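# My questions concern the predicted model and sequence given below.
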Amino acid sequence: GQSLEQPSEVTAVEGAIVQINCTYQTSGFYGLSWYQQHDGGAPTFLSYNALDGLEETGRFSSFLSRSDSYGYLLLQELQMKDSASYFCAVSMNTGFQKLVFGTGTRLLVSP
Amino acid sequence: DTGVSQDPRHKITKRGQNVTFRCDPISEHNRLYWYRQTLGQGPEFLTYFQNEAQLEKSRLLSDRFSAERPKGSFSTLEIQRTEQGDSAMYLCASSLGGTEETQYFGPGTRLLVL
């Protein structure tokens, strides 16, 4: 079976830095993606790691350790608009990159 | 706006009725995916198309569900004899294919079965 574990909820204040962890156990692995989803909205792609290490995209960075089956999303200089759910998703090595999503982390940013 | 559109955005139906949803992917994307998302959960894979060919179906996709992509462009997802358990957000995503596999999601169709 496939499982991805994330914290259910994280709270932080504006301007702070927050890290959302994701551990996975899957029968195949090609890469780890992160998506943001506001209430009632569509998942929006944030970042992707296929290799170990850190990927930086503006205020967001994502890290992957394949040997530890672990990754995280780092959000810096938090803004109120960052309040949303964040999902990690594993691309299975099935040839077409089917995504298996975690249950998501709800981030609440307060003033 | 990712460029993936879905129609309708909301659908309320009575149990036993048939419903059909449409997805228009980003025009040059040859891969199209359907996912289902229930409240508090992440999206779950339903099915995948490479151009017009449906290459994989999840076991979540019972025989009441059928998906098509007749010309390799837009896709439809039909649910026959809807049940209350079908109430969910149905999401469509597309990707370019090849080495570019990032999936871009549409706004979804929220289905409520009464």
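Looks like it arrived, so ask away.
# now for the least confident helix or strand in chain B by mean pLDDT, which elements pack on it?
Least confident helix or strand of chain B, by mean pLDDT, DSSP states H and E, is strand B:53-57 with a mean of 90. Identification of packing neighbours for strand B:53-57 by 3 or more CB pairs under 8 Å, 6 or more residues apart in numbering or on different chains; DSSP states H and E yields strand B:44-50, strand B:65-68. Bear in mind the C-beta positions are built from the backbone N, C-alpha and C, glycine included.
# partners of the first one, with directions?
Strand pairing for strand B:44-50, using DSSP bridges, gives strand B:31-37 (antiparallel), strand B:53-57 (antiparallel).
# hey, C-alpha coordinates of the last one in PDB?
Going back to what we said before, that points to strand B:53-57. Taking C-alpha atoms only, strand B:53-57 is exported to PDB below (Å, rounded to 0.1, in the frame of the first residue of the first chain):
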ATOM      1  CA  ALA B  53      -6.100   6.300 -24.900                       C
ATOM      2  CA  GLN B  54      -7.300   5.600 -21.400                       C
ATOM      3  CA  LEU B  55      -4.300   3.800 -20.000                       C
ATOM      4  CA  GLU B  56      -5.200   3.200 -16.400                       C
ATOM      5  CA  LYS B  57      -8.200   3.200 -14.200                       C
END
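# Check which residues of that strand are buried.
Residues B:54, B:56-57 are the ones in strand B:53-57 that count as buried (16 or more other CB atoms under 10 Å in any protein chain shown).
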